[in-house]
Structures are given as C-alpha cells and as structure tokens.
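K.L.:
Sequence and predicted structure, then a few things I'm wondering about:
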Amino acid sequence: PRLRLATGSASVTVSVLYLVAQMVGAGSLVALLLGGTSGAARVWTVIGVGALMIIYVSFGGMRATTWIQIVKAVLLMAGAVTLTVLVLLRFHGDVNQLLKSAAERSGHGLDFLKPGLQYGGGWVSRFDFISLGLALVLGTAGLPHILSRFYTVPTARAARRSVVWSIGLIGAFYLMTIVLGFGAAALVGSDAVRRSNAAGNT
C-alpha cells in the first residue's frame, strides 16, 4: 500500500507539473494562430484546449490518444526531414560549408564549433550539461504518461519492439535538430534568433 501510494503521488505530481507547461504552450500556440495576443485570449485558449482534450480522452480513451500520438509523430518527423533536406540542399550537401557559415554568423567565430562554449565555463556549467543530458535521456522516458503507454501493448515482446522503434525515431529526430540548429545559425543568424527570443527558443 505504501509503495502504491508513493508511486501514485509521484505520478500525479509530475503529471500536473508537466500538464501545466503543456497547456500553457498549447494555449499560446492556438492564441497565436487565432490572432489573439492579449493575456485574456491566452487564458481562454488554455481553458478551451484543456476542455477539448478532456472531452476527447473521456470518449476516446487510450486508443484515441494513441492515434493522436501517431499523427503528431508523423507530422513532426515529416517536417523535420523536409527542413533538414532543405538546409542541406541550400549548401549543396556540403556539411563543411554549413558549419563554416554557421560559425561566421554566430558571433563567436570558430569557437562556435568547439565544445564548451555554452557549458564549459566552470564546474557549475559542466554539471548543468550533465543534468541536461540525463534529463533528456532518462527524464522523458520516466514521465508517467510515457510509462503508462507500456500498459497498452498486449505482450512484453510488443513493449520491447515499441521501445526500439521509439528510440530509433527519437534518435533520428535529435540528429536532424543538430542540422537544423546549424542551419538556423548559418541562414538566420544568432542575432536574429536572439531578437525573437532572448533564450534562443524560437
């Protein structure tokens, strides 16, 4: 009983915190698409998106959410592949030219291509890098709503096969984001990216 209580409490706590970030992101995106920029518009879009998903999950269950995940994965991978190919075509497949252009427009010169520019200033920065790596590798896989997906497969073999497919697709996506990051630095420039968002998240 104590183990179940601890597991359930941890799952609910993490899910609520993760849900808040997801809902704010979804609400901001929908508000942007609908042309609403005020705070009230974002609040109502968050409420609307939340209500829509509650209704969808209540009537559709895990099967419906699975199809949503499939559609999202297909769209995400298709978009990433398309953008990666376009970036590589822009530089005629020459990766060296891509890296050189990214370094030139980064504002850091060749140091942009060396390790430690962001996470190498001291031990604190290095621990930040280790923390980020562990969070990316272990954190996502350990989220309650991800772990619960293992209960939707009929056998342990099917669960292992799902994990292999997931690792392959996620790994491929992460590799493509490297190309897209250098492409953004080379084609858009670091200054333009920072003007859009001070943290570089744009």
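P.N.:
Happy to help now that I have it.

K.L.:
For the rest of this, base every contact and every neighbour count on C-alpha atoms.
P.N.:
Fine.

K.L.:
Longest helix of this protein, counting residues only.
P.N.:
helix 39-90 (DSSP state H).

K.L.:
Mind giving me the packing neighbours of that one?
P.N.:
Contacts defined by 3 or more C-alpha pairs under 8 Å, 6 or more residues apart in numbering; DSSP states H and E place helix 39-90 against helix 2-34, helix 156-187.

K.L.:
Off-centre distance for the helix or strand following that helix?
P.N.:
Going down the chain from helix 39-90, the next helix or strand is helix 95-106, by DSSP states H and E. Centroid separation for helix 95-106 versus its chain: 24 Å, with C-alpha atoms, centre = their mean, to the nearest Å.

K.L.:
which secondary structure elements does helix 95-106 contact?
P.N.:
Under the contact definition 3+ C-alpha pairs under 8 Å, 6+ apart, helix 95-106 sits against helix 156-187, helix 190-196.

K.L.:
Mean pLDDT lowest where, among those?
P.N.:
Ranked by mean pLDDT, the helices and strands packed on helix 95-106 end with helix 190-196 at the bottom, a mean of 74.

K.L.:
List the buried residues of it.
P.N.:
190, 193 (16 or more other C-alpha atoms under 10 Å).

K.L.:
where does this structure have low pLDDT?
P.N.:
Along the chain, segments meeting pLDDT under 70 span 120-121, 141, 145, 197-202.

K.L.:
what's the burial count for residue 42?
P.N.:
Residues contacting residue 42 under the criterion other C-alpha atoms under 10 Å number 21.

K.L.:
what about it, distance to residue 24?
P.N.:
8 Å (C-alpha to C-alpha, to the nearest Å).

K.L.:
Could you give the number of residues near residue 84?
P.N.:
The number of residues packed near residue 84 is 20, by other C-alpha under 10 Å.

K.L.:
Residue 182 now?
P.N.:
22.

K.L.:
That one is in contact with residue 104, isn't it?
P.N.:
No: in this structure residue 182 lies outside contact range of residue 104 using C-alpha atoms under 8 Å: 11.1 Å.

K.L.:
re earlier: could you redo the helices and strands packed on helix 39-90 as a markdown table and give each row distance to residue 116?
P.N.:
Shown next, in a markdown table, are these (distance: least, C-alpha to C-alpha, whole Å):
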| stretch | distance to residue 116 |
| --- | --- |
| helix 2-34 | 29 |
| helix 156-187 | 16 |
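
K.L.:
For residue 84, find the nearest of these.
P.N.:
helix 156-187 (6.1 Å; C-alpha to C-alpha).

K.L.:
ok now the closest one, how far from the chain's centre?
P.N.:
The answer for helix 156-187 is 10 Å, by C-alpha atoms, centre = their mean.
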